[in-house]
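Student: need coordinates for the below:
(4 chains)
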Protein chains: 2
Amino acid sequence: MPQVRQQPVDPCPFGPVVDLVFGRWTAHVLWVLAYHGRVRFKELQGYLPEITPKVLTERLRQLERNGLVARTYHREIPPRVEYEMTALGQSLVPVFRTLTAWSDEHLDEVQAAQRDYDREHALTGTAGGVAAEPVRARDRA
Amino acid sequence: MPQVRQQPVDPCPFGPVVDLVFGRWTAHVLWVLAYHGRVRFKELQGYLPEITPKVLTERLRQLERNGLVARTYHREIPPRVEYEMTALGQSLVPVFRTLTAWSDEHLDEVQAAQRDYDREHALTGTAGGVAAEPVRARDRA
DNA sequence: GATAGTAGTTACCAAGGAGTAAGTGACTGT
DNA sequence: ACAGTCACTTACTCCTTGGTAACTACTATC
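Tutor: Below is the predicted model of the structure:
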C-alpha cells in the first residue's frame, strides 16, 4: 500500500458546535432565551436593542433549524410570535455556565496579559502599530 | 423618580470569552496546541493545512496578546519559533471538554432537526429557498 | 552564485455578512 | 380615511475578513 496518510488532520472535536452556537449574535440570543423563557419578537428586540430585525430574524431561523429554539406563530391580528428554547437548547445551559465560570475566573488575567503585551510592544515598537489587535467589529457596539 | 430603566441590557456574561476563543480558526489552533504541546510554526501548519501562514500568524499573535499562548523565539539560523499554551490557555481545556461532550451527546439531534426543518420547508416552500441556511464559509473547507 | 530552509511580512483583491431603510399584509382603533 | 401594530421581508450598500501570491532576512550548503 502506498502511504496510508492517517487522518488528514484531527479536526477539533467541537468545531461544529462553535459554528452552531458562537456565531455573531447567536450566543446572545440564546442567552436571552435561556434567561427569559418564552418571549415575543419585540421583547427580544427590547433585550437586544443593537441587533436589527433582519439579523434577529436570521439568527432565530437558524436556531430554529438547528433545533435549539422553537417558534410558535399565533394567527391573530396583529400577529403574535413566541420563541423559546427547546430541550436541546436547554441542554446548552450548563455549557454556558462553564463559559461564564471561566470568564469570572480568568477574564482579568486576559486583560492583564493584553495590557502587558501592548505596553511591551508599544515600547519596542516591534510591530510598528500602536495596538497589535484593533478593536473588533463585534466589540464596537 | 422618572423611570430608572434598569441596566440597558444584561449582556450575556460570556460574550467576551466568545470573542477571545471562538473566532475563525482560533479554537482550532488552541486545540492543536492543547493536543500536541510545544510545536513549531511549520508543525502547526502541518496540523492545520487549510490555514494560510498569514492567518495563522494573526491568530497566534492574538492568542499571545490574550495570554493564552506563549511564543519562544530562538535566535538561530534558520530561525526557530515555538508555540505552547500558557497556564491560562490550559485552563480552557476543561471548557473544551465540556463543548466536546455536548457535541458527542447532541450533535446528531441537531442534524436530525436540520433534516426535519429542510424537509418541511422544502415541501411547503414557505421561504422559497431550497435550503434555509446555506453552507457557511467555515464549513466549506 | 544559486538554492534551500524558517518564519514570517506586505500588498492586493474578492466575498460575504452585517447594517440601513423602506415596504408588506391584515386588521383595529380614531 | 388614515395611522398604528406586529413580525417580518426586500433591496441595497458597505466594510471587515480572509485568501493569494510574492517578497524579506539570514546563513549553510551545493
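
Student: and the helices in chain A?
Tutor: Under the criterion DSSP state H, chain A contains helices at A:15-21, A:26-36, A:41-47, A:53-65, A:87-90, A:93-124, A:137-140.

Student: which among these is found nearest to B:G46?
Tutor: helix A:15-21 (18.1 Å; CB to CB). Glycine gets a C-beta too; all of them are placed from N, C-alpha and C.

Student: neighbours of A:R115, just the number please.
Tutor: Number of residues near A:R115 (other CB atoms under 10 Å in any protein chain shown) recorded here: 12.

Student: residue numbers of chain A in contact with DNA strand C?
Tutor: A:23-25, A:50-55, A:58, A:77-79, A:127-128, A:141 (CB under 7 Å from any atom of the strand).

Student: which members of these are the farthest-apart pair?
Tutor: Pairwise over these, using CB to CB, the maximum falls at A:I77 and A:G128, 61.1 Å.

Student: got the contact list for the residue lying closest to A:A113 once chain neighbours are set aside?
Tutor: Spatial nearest neighbour of A:A113, chain neighbours left out: B:G67 (2.6 Å); criterion: CB to CB, 6 or more residues apart in numbering or on different chains. By CB atoms under 8 Å, 6 or more residues apart in numbering or on different chains, B:G67 lies in contact with A:E109, A:V110, A:A112, A:A113, A:Q114, A:D116, A:Y117, B:T86, B:L88, B:G89.

Student: now render those residues as CSV, adding distance to B:V18.
Tutor: Shown next, in CSV, are those (distance: CB to CB, whole Å):
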residue, distance to B:V18
A:E109, 17
A:V110, 13
A:A112, 20
A:A113, 18
A:Q114, 16
A:D116, 23
A:Y117, 20
B:T86, 20
B:L88, 17
B:G89, 16
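
Student: now the buried members of the residues you listed.
Tutor: If you count burial by 16 or more other CB atoms under 10 Å in any protein chain shown, the buried members of those come out as A:E109, A:V110, A:A113, A:Q114, A:Y117, B:T86, B:L88, B:G89.

Student: care to break chain A down by domain?
Tutor: Split into domains by automatic domain parsing, chain A comes to A:1-90, A:92-141.

Student: need the winner for burial among those domains.
Tutor: Of all those, domain A:1-90 has the most neighbours on average by mean count of other CB atoms under 10 Å in any protein chain shown, namely a mean of 16.

Student: can you list the buried ones among the contacts of B:G67 in JSON lines and add pLDDT?
Tutor: Shown next, in JSON lines, are the buried ones among the contacts of B:G67 (pLDDT from 0 to 100):
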{"residue": "A:E109", "pLDDT": "97"}
{"residue": "A:V110", "pLDDT": "96"}
{"residue": "A:A113", "pLDDT": "96"}
{"residue": "A:Q114", "pLDDT": "95"}
{"residue": "A:Y117", "pLDDT": "93"}
{"residue": "B:T86", "pLDDT": "97"}
{"residue": "B:L88", "pLDDT": "97"}
{"residue": "B:G89", "pLDDT": "96"}
